[in-house]
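In: kindly return the folded structure for what I paste below:
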Amino acid sequence: MTDELAARQCKPCEGGVEPLTEAQSRELMAGLDPAWSLSDDGLSIARGFEFPAYSRTLGFANAVAWIAIAEGHHPVLTIEYGKCHVSYTTHAIDGLSDNDFICAAKIDRLAGSTIR
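Out: So this is what the prediction gives:
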């Protein structure tokens, strides 16, 4: 499913649609690397990445930023030495949308993640 998600393109979300249900989110989580987690309130997904050097962390963060710009869907990135934390939610609907999972799958592909 990751390849299917990663092959899709984000659709603009200006609100007016319902966020994904917890069941829908859990189904899409199955298509992501197991390191992604669904928040307790079901409103966001997140994953941490580790790198051996700050320069590699910044390179990864810049690649994630490129995905965000290309898809028009932007994560929260937290960067520190050797670590990058990525979190997605769709602010316009106060919850998760397909876009969050599409971008997460693209990041999995970028990171060379293996899927369950």
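In: now tell me what touches whichever strand or helix holds V64 from outside.
Out: According to DSSP states H and E, V64 maps onto helix 54-71. With Cβ atoms under 8 Å, 6 or more residues apart in numbering as the contact definition, helix 54-71 has outside contacts at 9-10, 49, 51, 74-75, 77, 79-84, 86, 99, 102-103, 106-107, 110-111. For glycine as for every other residue, the C-beta is placed from the backbone atoms N, C-alpha and C.
In: buried residues in that helix?
Out: 57, 60-61, 64, 67-68, 71 (16 or more other Cβ atoms under 10 Å).
In: and the end-to-end length of stretch 43-59?
Out: 28 Å (Cα to Cα, to the nearest Å).
In: for I67, report the pLDDT, please.
Out: If you check I67, the pLDDT there is 97.
In: the spatially most central residue of the chain: which element?
Out: Geometric centre of the chain, nearest residue: A104, 2.8 Å, by Cα atoms, centre = their mean. Using DSSP H and E, A104 sits in helix 98-111.
In: where in the chain is pLDDT low?
Out: 1-2, 113-116 (pLDDT under 70).
In: kindly recompute the last result at 50.
Out: Low-confidence segments of the chain (pLDDT under 50): 114-116.
In: which one in it is furthest away from the centre?
Out: A53 (22.3 Å).
In: may I have the residues that are in contact with that residue?
Out: A53 touches G82, counting by Cβ under 8 Å, 6+ apart.
In: so who does M29 touch?
Out: 36, 38, 45, 101.
In: re the thing from before, now the buried residues of helix 54-71 in a markdown table, with distance to L28?
Out: Listed next are these as a markdown table, based on distance: Cβ to Cβ, whole Å:
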| residue | distance to L28 |
| --- | --- |
| T57 | 27 |
| F60 | 23 |
| A61 | 24 |
| V64 | 19 |
| I67 | 17 |
| A68 | 19 |
| E71 | 16 |
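In: ok, for the residue nearest to the centre of the chain, nearest residue in space, not its chain neighbours?
Out: Spatial nearest neighbour of A104, excluding adjacent residues (Cβ to Cβ, 6 or more residues apart in numbering): L32 at 5.3 Å.
In: hang on, the one you found packs against D100?
Out: No - using Cβ atoms under 8 Å, L32 makes no contact with D100, being 10.0 Å away.
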